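1. Model the structure of this input:
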Amino acid sequence: MSVSVELLSFTPEPDRVVAASAKLCYSDVSACNLKEGLSDHQSAKLLAHLVKSGHMSPFEHVAFTFAMDGLSRVCTHQLVRHRLASYSQQSQRYVLMEKPEVVVPPSITKDGALKDKYMKIVQNSFEVYKLLVERGVPREDARYVLPHSWKTRIVVTMNARELHHFFSLRLCRRAQWEIREVARRMLLLVREKAPLIFKLAGPSCVVYGKCKEVSSCGEPYKNVEEVLADVLDF
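-> So this is what the prediction gives:
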């Protein structure tokens, strides 16, 4: 798969920040003092309790920013539906598309004849795009002929609470395959920086032990590690 997901920045010491923020609600000591006095064991126990109890507001105090390259506009259309986040996406209005670069779904890649037809349509669309631009049509209008599969770049910022919500939806087996893989890579990255916050993150079958979808996939994940090992090849 050609998509790239990297962590641009994140709140320093995210686990301790969330734990101290939660503990402040029941203390007369400042959050700074609470943060310094928390052990990893105390933080882990408190954060696990917060996730299980659904008390997620303290998780809003830490944020993570991702740089994503090579995903399709089909995928980013789904990403931006998560409204409690910030986005900056490469503009086809201003950036000239130099060559046909698209994501090809696995269901098409596995059939050589279908893939050839798919890529022929992509190439034809690109040729029309180039012609329109050469004839003086503004890029913002010429882009109308480009397919949804066109690769793009986007920067995404979410706080930890929204990431938990995002992972619960997009790491489910019933989620669309491309955004599932993007979400998997995001979870791998944030678990490195905030292992306690995201120790228990993922679809409801993992977090709550039961599916919250109306129509279950019938194949619940056993744990977060199984989710992270479920690599989608495309």
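
2. domain parsing for the protein?
-> Domain segmentation of the chain under automatic domain parsing yields 4-87+152-229, 94-149.

3. what stretches of this structure score poorly on pLDDT?
-> Applying pLDDT under 70 to the chain flags residues 1, 28-29, 33, 233-234.

4. residue with max distance from the center of it?
-> Most distant residue from the mean C-alpha position of the chain: residue 135, 38.3 Å away (CA atoms, centre = their mean).

5. which one's the longest helix in the chain?
-> Longest helix in the chain, counting residues (DSSP state H): helix 112-134.

6. Contacts for the next helix or strand along the chain from that helix next, please.
-> Next along the chain after helix 112-134, taking DSSP states H and E as the criterion, comes helix 139-142. Outside helix 139-142, the residues that touch it by CB atoms under 8 Å, 6 or more residues apart in numbering are 92-96, 129, 132-133. Just so you know, the C-beta spots here come from the backbone N, C-alpha and C atoms, and that holds for glycine as well.

7. does the one residue sitting closest to the centre of the chain count as helix, strand or coil?
-> In the chain, the residue lying closest to the centroid (CA atoms, centre = their mean) is residue 183, at 3.9 Å. At residue 183 the chain is in helix, as set by DSSP: H, G, I helix; E, B strand; the rest coil.

8. hmm, back to that, please convert the contacts of helix 139-142 to CSV, extending it with neighbour count.
-> Formatted as CSV, the contacts of helix 139-142 follow (neighbours: other CB atoms under 10 Å):
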residue, neighbour count
92, 18
93, 11
94, 8
95, 12
96, 11
129, 22
132, 17
133, 16
